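I would like the atomic coordinates for the input below:
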Amino acid sequence: MIGGESPEEFQSLPGGGYIPPTGDRGSKILAPLKAEGARGVAIAVVSTVLVFGLIAFAVVNSSGWPAIKEAFFDPQVFGDSSS
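Okay, the predicted model is just below:
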């Protein structure tokens, strides 16, 4: 069974109910972030902002940016389409 215990390990109750298994129900994916605490989250946030900032810097300073800006980010067209 994906993501849990096998059904035969559940304890049956009178009347057909069951007691769910005990144990760690926390996220297996986010557990490393929780273990690292605030330091790990801060590193992840800073690195993400840095990568997106570098990508934006590269795009805005590329040789074809003025043509892309004019074609896709025209303020007049944006104003006309939003009203």
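
Distance check, residue 38 against residue 72.
Distance, residue 38 to residue 72, using Cβ to Cβ, to the nearest Å: 39 Å. (C-beta placed from N, C-alpha, C; glycine too.)

hey, where'd the helices end up in the protein?
For the chain, the helices defined by DSSP state H cover 31-36, 38-60, 65-72, 75-82.

Just give the number of residues close to residue 40.
The tally of other residues near residue 40 (other Cβ atoms under 10 Å) stands at 13.

Can you read off the pLDDT for it?
Listed pLDDT for residue 40 reads 79.

Reformat the helices of the chain as CSV; add distance to residue 25.
Shown next, in CSV, are these (distance: least, Cβ to Cβ, whole Å):
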stretch, distance to residue 25
helix 31-36, 12
helix 38-60, 21
helix 65-72, 46
helix 75-82, 45
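
Just give me the lowest mean pLDDT stretch among those helices.
Taking each of the helices of the chain in turn, the one with the lowest mean pLDDT is helix 31-36, at a mean of 69.
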